[in-house]
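# The following comprises the amino acid sequence and a computationally predicted model.
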Amino acid sequence: MPNDLVQLGFEDSIATIVLNDPKRRNAMSIVMFDELDEALRNVAARSDIHVSLLHGNGKAFCSGFELGAAVDDPTLMKQYIDRLSATIRSLRRLPQVVVAAVHGAAIAGGCAMVSACDIVIASATAKFGYPVHKLGVSPAVNIPTLQQAMGPGAARSLLMGGELIDGTTAHRQGLVHHLTNDDEAVLVKAISMCQRLTEQSPQALRVTKRWLNELDGSLDDDLFDGPRDGSAEIADSDEAVSRLRDFWSKRG
Amino acid sequence: MCELVHNSVLDGIATVTMNRPQKRNALSIELIEALEQAIESIERDDSVRVLILSGEGEAFCAGMDLQGVMADADGMRRMLRGLSRVLRRIRRLPMPTIAKVQGAAVGGGCGLMVVTDFAITHPEAKVGYPEVSLGLCPAVVAPWLIRKIGPGRARAMLLAGGTISGQEGYERGLATHLADRDHLEAEVVKLARSLTEAGVLASRTTKTWLNELDGSLEDAALDRAADLSADVIASAEAQARLRALFGRE
């Protein structure tokens, strides 16, 4: 891949997908979305791959959209939202089980990706949340998978409140399934979960995942389209554009 | 003749007990049918205000009795359809239901644990869904687990397979109450008695409304689940895994 913002490796029936833009805390740019899409397509096509692992290089899992570019080009925000909605569907509908290893932070779009994974391992100190209303952006696009993960009440509070929660709270609320004490231990624990999954029946895993997707509405595009359109509609509004510009000029 | 299910009613509290302790109450087709008959008689008995579902012996229920019908695709399908039917009949009983879970509730047995309105277990019990490890698909129990603990948590649990302790099962929402093993019976009776004090109409209306809200009255997915699961069991991969499992025993 040309820019290598996403690395993809295959070993022992496990696909490892690594977000690799550590200088920008793995912020999601159009190029990153392109590479992530391509990686997910590659994984989906591999019948010899039974589990996939998603994690981020550097200090954080993913800090959300790459906002700097959106300041220069206000039409980008709407594209980000469309791409994010497509990516969370792809993660959820990947035939293989997806394990997320989350350290540092998973913010906004990063948190959306986490909610779309099947099994989430995170450190107690990792941060999760959607501090985006202040930017004039609506995180509605993430409602479907976040509600599935946490239940409607906790999802409402996390999306509306704009506050960050730590891994311990995210674990209690259902977004995180297995917890480690610190960032260093996350990947080790996630790899051991992946290895355990490769000992399961690959066929049973695929059928079970597909059935869960059917039961909880994950295959229903209407469920995803409405919230995506809600976020997209206001993405290039005057309020969003001026708030984003203001935020970007003041950031430390 | 040894009955596979005991059924008694005392002071408005019905107790249905699976009675196959030598097999840890593993669900054979005969046990599933006997259970269904017992549930049917409770449906018709207006004097029953609460149902306690329990298992005789060391374990509440070890899951489906696969060994007997493993290679018999039709028998397996019949068994899974039976399980699917009995689970929804328990869910749709008009009165509140309590599972008394000692020892183990595994696979289909854990399905019985989560389909009831209340489940009491003890910290050392073994609960969960090891289906995918055996090459099986927990399709029949999935809808009920989703309704119990939410779709995200159910996803992580069913795909990871394995079993967890009663303590962890309680923390993850499979059980509504936790008691010491020695006090399990007393806690179940205490809860059952307190439930008999509720207004009958109020209690029934609330339960029916909750069933309607969370999709418990819809049949389509529940019907499909049994066949989906039966198809997976009949596959060469599942058969090979099961042979290896029973060969070791």
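Sure, I can see it. Numbering: from 1, shown residues only, chains lettered A, B, ... in the order given.

# Spell out which parts of chain B neighbour chain A.
Neighbours of chain A within chain B, by Cβ under 8 Å from any Cβ of the partner chain: B:131-139, B:142-143, B:146, B:150-156, B:158-162, B:221, B:225, B:228, B:232, B:235, B:237-238, B:241. Every residue, glycine included, has its C-beta placed from N, CA and C.

# filter the residues you listed to the buried ones?
B:131-139, B:142-143, B:146, B:150-156, B:158-161, B:221, B:225, B:228, B:232, B:235, B:238, B:241 (16 or more other Cβ atoms under 10 Å in any protein chain shown).

# coming back round to it: restricted to helices, list the residues of chain B next to chain A.
Taking DSSP state H as the definition of helices, these contribute B:142-143, B:146, B:151-156, B:158-160, B:221, B:225, B:228, B:232, B:237-238, B:241.

# just the helices in the stretch 151-252 of chain A please.
A:152-161, A:167-173, A:184-198, A:202-215, A:221-233, A:238-250 (DSSP state H, counting those that start in this stretch).

# Dump these to JSON lines, plus mean pLDDT, distance to B:Asp45 and mean neighbour count.
Output for these, formatted as JSON lines (pLDDT from 0 to 100; distance: least, Cβ to Cβ, whole Å; neighbours: other Cβ atoms under 10 Å in any protein chain shown):
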{"stretch": "helix A:152-161", "mean pLDDT": "95", "distance to B:Asp45": "37", "mean neighbour count": "16"}
{"stretch": "helix A:167-173", "mean pLDDT": "97", "distance to B:Asp45": "41", "mean neighbour count": "20"}
{"stretch": "helix A:184-198", "mean pLDDT": "97", "distance to B:Asp45": "46", "mean neighbour count": "18"}
{"stretch": "helix A:202-215", "mean pLDDT": "96", "distance to B:Asp45": "33", "mean neighbour count": "22"}
{"stretch": "helix A:221-233", "mean pLDDT": "96", "distance to B:Asp45": "41", "mean neighbour count": "16"}
{"stretch": "helix A:238-250", "mean pLDDT": "93", "distance to B:Asp45": "62", "mean neighbour count": "14"}
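
# To chain B, which of those lies closest?
helix A:202-215 (4.6 Å; Cβ to the nearest Cβ).

# Name the nearest residue to B:Arg77, sequence neighbours excluded.
Nearest residue to B:Arg77 in three dimensions, chain neighbours excluded: B:Ala230, at 4.0 Å (Cβ to Cβ, 6 or more residues apart in numbering or on different chains).

# Can you list phi and psi of the nearest residue to A:Asn213 once chain neighbours are set aside for me?
Of all residues not flanking A:Asn213 in the chain, A:Leu219 sits nearest, at 5.1 Å (Cβ to Cβ, 6+ apart). Backbone torsions of A:Leu219, given as degrees, to the nearest 10, read phi -100, psi 0.

# Is A:Leu219 in contact with A:Lys209, as I believe?
No: taking contacts as Cβ atoms under 8 Å, A:Leu219 lies outside contact range of A:Lys209: 11.1 Å.

# what about the spatially most central residue of chain B, which helix or strand?
Centroid check for chain B by Cα atoms, centre = their mean gives B:Leu112 as the closest residue, at 0.9 Å. Assigned by DSSP states H and E, B:Leu112 falls within helix B:108-115.

# Identify the neighbouring strands of whichever helix or strand comes after that helix in the sheet and state each direction.
Counting by DSSP H and E, the next helix or strand C-terminal to helix B:108-115 is strand B:118-121. Within its sheet, strand B:118-121 is paired with strand B:97-101 (parallel), strand B:177-178 (parallel), according to DSSP bridges.

# Can you lay out the ones you listed as a markdown table showing mean pLDDT and mean neighbour count?
Putting the strands paired with strand B:118-121 into a markdown table (pLDDT from 0 to 100; neighbours: other Cβ atoms under 10 Å in any protein chain shown) gives the following:
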| stretch | mean pLDDT | mean neighbour count |
| --- | --- | --- |
| strand B:97-101 | 98 | 27 |
| strand B:177-178 | 98 | 18 |
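
# Tabulate these (TSV), appending distance to A:Gly174.
Rendered in TSV, the data for the strands paired with strand B:118-121 read as follows (distance: least, Cβ to Cβ, whole Å):
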stretch	distance to A:Gly174
strand B:97-101	22
strand B:177-178	19
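
# number of nearby residues for the nearest residue to B:Asp227 once chain neighbours are set aside?
Nearest residue to B:Asp227 in three dimensions, chain neighbours excluded: B:Arg77, at 6.8 Å (Cβ to Cβ, 6+ apart). B:Arg77: 18 surrounding residues under other Cβ atoms under 10 Å in any protein chain shown.
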